[in-house]
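**Q** quick one, fold the following:
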Amino acid sequence: MRHRPRRAVRTGRTGRASWNPACPISLGFAPDGKRQRLKRKAKTKTAVKDKLIKAVKDLETGVTASETYTVRDAVNDWLSKGLKGRSEGTITKLRIPAETHVIPKLGKIKLQQLRADHVDEWLDELSSDLATRTLRDVHSVLKRAIRQAQARDLVLRNVAELVTTPTGTDGRPSKALTRQQAEAVLQAAESSELHAYVVISLTTGIRTEEARALRWDHVVAWIPSLKKWQPVTQAGLKHKRFAIYVWRADRVGGDTKTRKSRRTLELPTLAAHSLKQHHARQAAHKLKAGEAWQDHNLVFCTSVGTPLDAANVRRVFRHITKNAGIGTGWTPRELRHSFVSIMSDQGVPIETIADLVGHAGTSVTEAVYRYQLKPVITKGAHTMNTIFGD
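**A** Down below sits the predicted model:
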């Protein structure tokens, strides 16, 4: 019986060689009934053989990614498919570091060729420019993108998980308004559309996302004759005592940050007065907008009733702090820091402060607001001075 001679290499017009054994590797049958065969091309027989060996190993491990699948492809796939159900704000927040730091530096590397050394060198380079927290966020983007690629059998292991995030530069420390600065900000905010927003944030310590999500049916008035709280949508605003139900936040699903964050806070007189003024101003906006008004029942909204954008709030707040003479290097969240600082300076116990700001315990308050809390370690010395004399 004659056997056809085996041809290992076939050369085409381009001069490239392809491994074509007498018994090629079969991948089974396609839906159309044709047999699927494993083929690879390269310039030399040895290179073709190496590619075939690697392809077989990939098949054995379940990896299905093509050799052209890059880190850029993995990151873009994660941004488009791996963040379903997340808010547009969250997606934008993750897209910025991905497009600023991950894709420009690592995007061209084939995902299967990415090594821990590549990630190490990349992070070390960024560590001289980025704060530690930002560096962790950027590293997390890469880890999560590769983790999704792993789940889809596009890569065998996640090399980004094998690398420790280095320490970056010192980030901008949190700061709080002094009493004099706080008074200047309150005065500067009087002519602003965000006057009540600033007053309530500073005097109650609610988060910015909680303030943006506050609804009128969650503003309640104390009715002495009934001895209970009623929503101002029923009781009106001609009362002396008011409180807010901090039960919602501008987050996916509308929930507060944690279960402990759900709380009821009585408004100081200053905040109640600003809220009454704000309600009258909003009614004027509603009348002016006419049919263009979109009623979301929000306490703080745009001139046509739509939800406030966080970026717009930051921009307006910078204008307020500039007019207050303290510069533009402030953010709305620092009103919450200022509330903690003022409470602490007045001797309010940290347990009470933790309850007011919606923390699960004092450890969180101490960790987040360590710069704003007044030290209490002098109590021992004061006590001993009392006992043994000054």
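**Q** distance of residue 246 relative to residue 344?
**A** Per C-beta to C-beta, to the nearest Å, residue 246 is found 20 Å from residue 344. Where you see a C-beta, it was placed from the backbone N, CA and C, and this is true even at glycine.
**Q** so those two - more neighbours on which side?
**A** residue 246 (23 against 20; other C-beta atoms under 10 Å).
**Q** pairing partners for the more buried one in the sheet, please.
**A** residue 263 (DSSP bridges).
**Q** does it touch residue 357 like I think?
**A** No - Residue 246 is beyond contact range of residue 357, at 10.0 Å (criterion: C-beta atoms under 8 Å).
**Q** what sits against the closest residue to residue 81 other than its chain neighbours?
**A** Distances taken as C-beta to C-beta, 6 or more residues apart in numbering place residue 148 nearest to residue 81, at 7.3 Å, with adjacent residues excluded. Each residue near residue 148 by C-beta atoms under 8 Å, 6 or more residues apart in numbering is listed here: 74, 77, 78, 81, 82.
**Q** now do the strands in the stretch 1-150 of the chain.
**A** Using DSSP state E, counting those that start in this stretch, the strands of the stretch 1-150 of the chain run over 9-11, 17-19, 26-29, 35-37, 41-42.
**Q** list the contacts for residue 143?
**A** Contacts of residue 143 by C-beta under 8 Å, 6+ apart are 158, 160, 161.
**Q** if you rank those by neighbours, which is first?
**A** residue 160 (25 neighbours).
**Q** residues in contact with that residue?
**A** Applying C-beta under 8 Å, 6+ apart, the residues near residue 160 are 119, 139, 142, 143, 146.
**Q** residue 111 is in contact with the last one, correct?
**A** Read that as residue 146. Yes - the criterion here is C-beta under 8 Å, and residue 146 meets it with residue 111 at 7.3 Å.
**Q** what about the contacts of residue 160, which are in helices?
**A** 119, 139, 142, 143, 146 (DSSP state H).
**Q** buried members of those into ChimeraX, please.
**A** In ChimeraX syntax, the buried subset of the ones in helices among the contacts of residue 160 is picked out as below (16 or more other C-beta atoms under 10 Å):
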select :119,139,142,143,146
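**Q** turn the ones in helices among the contacts of residue 160 into JSON lines, columns for distance to residue 305.
**A** Shown next, in JSON lines, are the ones in helices among the contacts of residue 160 (distance: C-beta to C-beta, whole Å):
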{"residue": "119", "distance to residue 305": "47"}
{"residue": "139", "distance to residue 305": "41"}
{"residue": "142", "distance to residue 305": "41"}
{"residue": "143", "distance to residue 305": "41"}
{"residue": "146", "distance to residue 305": "43"}
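**Q** ok, which pair from the ones in helices among the contacts of residue 160 is furthest apart?
**A** 139 and 146 (11.1 Å; C-beta to C-beta).
**Q** what's the overlap in contacts for residue 146 and residue 111?
**A** Common neighbours of residue 146 and residue 111 (C-beta under 8 Å, 6+ apart) are 74, 155.
**Q** measure residue 153 to residue 136 for me?
**A** Distance from residue 153 to residue 136, by C-beta to C-beta: 28 Å.
**Q** ok, now how distant is the residue most central in space within the chain from residue 190?
**A** By C-alpha atoms, centre = their mean, the chain has its centre lying nearest to residue 90, at 5.4 Å. To residue 190, residue 90 is 34 Å away according to C-beta to C-beta.
**Q** same check, this time on residue 147
**A** 50 Å.
**Q** more crowded one of those two?
**A** When residue 147 and residue 190 are compared for neighbours, residue 147 comes out ahead with 16 against 12, by other C-beta under 10 Å.
**Q** where does the stretch 101-250 of the chain dip in pLDDT?
**A** Applying pLDDT under 70 to the stretch 101-250 of the chain flags the ranges 250.
**Q** which residues in the stretch 51-200 of the chain form helices?
**A** Along the stretch 51-200 of the chain, counting by DSSP state H, counting those that start in this stretch, helices occupy 71-81, 88-97, 103-106, 116-126, 132-151, 179-188, 195-204.
**Q** one step back: just the buried residues of the contacts of residue 148.
**A** Here, 16+ other C-beta under 10 Å leaves 74, 77, 78, 82 buried among the contacts of residue 148.
**Q** can you count the residues close to residue 216?
**A** Neighbour tally, residue 216, other C-beta under 10 Å: 16.
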